[in-house]
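*Asks:* Can you look at this prediction? I've put the sequence above it.
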Amino acid sequence: MKRILILTALLSTTQACSSCDPTPECEGVTCANGACDPDTGTCDCTGGWTGDLCDACPQGQHEGASGDCTANPCDPNTCSGPNKAVCTANGPTATCSCNGGFHDESGTCVIDEECQTNSCSGHGTCADATGVIVCACAEGYAGGHCENCAQNYQDKNSDGTCAKACTHPTLGLNCNGHGQCDDDSGTAACACHFNWQDANCATCPVGSYVNEFGDCMDDPCIPEACSGHGSCSNAMGGVAVCTCSDNWTGADCNSCPSGSYINGGGDCVDDPCLPDPCNGNGSCTKPSGTAVCDCDNQWSQADNCLTCPSNWDSAQDCNVCAGGYGGTNCIPNPTASNLAVDCSTTGNDCGSQGLIYPATFSYTNVTSCAASVSVVSGSGTSGSVSTVALSGGVGSFNYTTGSDAGDEVEIVVVCTNDSNPNTATTTKVVRLQ
């Protein structure tokens with residue numbers, strides 16, 4: 001009897017509400033560019049519209065030809081002069097120019113009788129050998145003057161460039177079933193479903209997870225569900241499950257049991273700074289219950305201040321460059337060696353009276369070198385050297401000899417590094433014959 005009475009009550013309620021308004025919250029609400037949400041009675045705007053009734057565009061935008069809000073100054077196209085209907089968007093500014101096949105003469109667009117700069121709208125190769133302008137359009141463009149986008153190309157942002165449309169067979173945007181291709185901005189790209197990210201909607205980002213239905217949902221473990229004292233796993237159905245770290249206990253890892261203490265970082269752990277984990281070469285802090293070393297001078301952070309890098313002197317508390325290094329960052333010193341002058345004769349003798357001989361030397365860690373020459377024995381002129389060229393560890397320059405045979409000259413090369421104050425020198429004494 002009880003079951004019959006309940007069924008009768010349900011039937012009576014259903015019949016009584018047969019004429020009820022299914023969306024009472026939306027009564028009297030008219031959304032100009034959107035639909036009323038029956039649960040809240042508010043407008044869900046579409047097409048970029050805003051406002052309580054979806055009747056306003058965001059600042060800097062206006063209603064476009066499609067009825068949606070846009071920042072494109074060429075939507076709608078306001079270029080309507082005779083043969084001057086090409087609109088190009090440059091930020092918020094629209095620029096009008098002559099149609100393809102026409103050119104500007106004193107502000108008037110006149111038809112091309114021979115190839116002009118814009119005969120093919122800047123998107124093709126023009127030929128007029130037959131007396132008629134013929135355009136060979138570049139990929140993505142079509143029309144007698146290449147003024148249109150070819151099939152499967154588009155210029156929806158009116159910047160004058162035809163890019164691949166979503167319909168292009170080689171575009172390769174499948175969006176992995178987590179979005180749809182959208183080229184309304186002028187560039188074909190995936191419009192991803194809720195939370196999905198990257199160019200092909202293949203990434204469910206940190207802070208989200210893929211549920212059993214393949215949807216990218218907000219992770220119940222974020223924000224931190226374990227009081228900052230454990231790791232959270234997302235059980236099936238979106239339930240957070242905590243695995244507590246260190247000494248913490250409880251379903252939410254918020255209990256610090258007897259025998260443990262809450263340190264300055266709020267964690268229930270033994271003091272990680274005892275004994276000194278920084279090897280006497282730094283200071284230890286524990287902002288979150290984990291020892292963090294702030295190493296002195298140049299001691300290595302990677303191994304808790306145990307190692308001094310080889311280019312620094314550990315005997316000087318890792319604060320002075322080791323031998324063979326210099327500069328603020330202790331980079332290797334420059335080197336220069338093995339200066340040789342090719343006199344094409346035996347010994348070191350070179351001819352005099354303005355003859356040119358090539359000189360070379362070896363170098364490392366160098367940014368620039370300069371050569372000089374001086375007489376060390378004799379009364380003649382020393383000659384001259386050219387600018388030094390550096391390539392692959394070999395420096396080169398030309399030596400032009402002086403005028404007196406029997407003189408001896410010394411060629412000196414000094415090399416420097418912009419980041420190291422130390423210099424390197426290599427010399428060569430040459431006797432003129």
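*Replies:* Yep, it's here.

*Asks:* Skip ahead from the helix or strand of the chain with the lowest mean pLDDT and say which helix or strand is next.
*Replies:* Evaluated with mean pLDDT, DSSP states H and E, the helix-and-strand set of the chain has its lowest mean pLDDT in helix 2-16, which scores a mean of 37. Stepping forward along the backbone from helix 2-16, the first helix or strand reached (DSSP states H and E) is strand 34-36.

*Asks:* Following that next one in sequence, what is the next regular element?
*Replies:* Counting by DSSP H and E, the next helix or strand C-terminal to strand 34-36 is strand 43-45.

*Asks:* Against which helices or strands is that following strand packed?
*Replies:* Taking 3 or more C-beta pairs under 8 Å, 6 or more residues apart in numbering; DSSP states H and E as contact, the helices and strands that strand 43-45 lies on are strand 34-36. Using the backbone N, CA and C atoms, a C-beta is placed for each residue, glycine as well.

*Asks:* what are the pairing partners of the strand it packs on, and which direction each?
*Replies:* Strands that pair with strand 34-36, judged by DSSP bridges, come out as strand 43-45 (antiparallel).

*Asks:* helices and strands around the next helix or strand after the partner strand, which ones?
*Replies:* Reading on from strand 43-45 to the C-terminus, the next helix or strand found by DSSP H and E is strand 62-63. With contacts defined as 3+ C-beta pairs under 8 Å, 6+ apart, strand 62-63 has these neighbours: strand 69-70.

*Asks:* and the strand it packs on, how far out from the chain's middle?
*Replies:* Its chain's C-alpha centre lies 28 Å from the corresponding centre of strand 69-70 when counted by C-alpha atoms, centre = their mean, to the nearest Å.

*Asks:* Tell me the helices and strands packed up against it.
*Replies:* Secondary-structure packing of strand 69-70 (3+ C-beta pairs under 8 Å, 6+ apart): strand 62-63.

*Asks:* Pull the residues that contact the strand it packs on.
*Replies:* With contacts defined as C-beta atoms under 8 Å, 6 or more residues apart in numbering, strand 62-63 is touched by Cys57, Cys69, Thr70, Ala71.

*Asks:* biggest separation within those, which pair?
*Replies:* With C-beta to C-beta as the measure, no two of the contacts of strand 62-63 lie farther apart than Cys57 and Ala71, at 8.9 Å.

*Asks:* Let me see the contact set for the spatially closest residue to Asp104 that is not a sequence neighbour.
*Replies:* Spatial nearest neighbour of Asp104, excluding adjacent residues (C-beta to C-beta, 6 or more residues apart in numbering): Cys98 at 5.5 Å. Residues in contact with Cys98, defined by C-beta under 8 Å, 6+ apart, are Asn83, Lys84, Val86, Asp104, Cys109, Asn118.

*Asks:* what pairs with the third one across the strands?
*Replies:* Applying DSSP bridges to Val86 yields these beta-bridge partners: Ser97.

*Asks:* My understanding was that it contacts Ser97; is that so?
*Replies:* Yes: if you go by C-beta atoms under 8 Å, Val86 and Ser97 touch, sitting 4.7 Å apart.

*Asks:* Find the residues that touch each one of the two.
*Replies:* Cys79.
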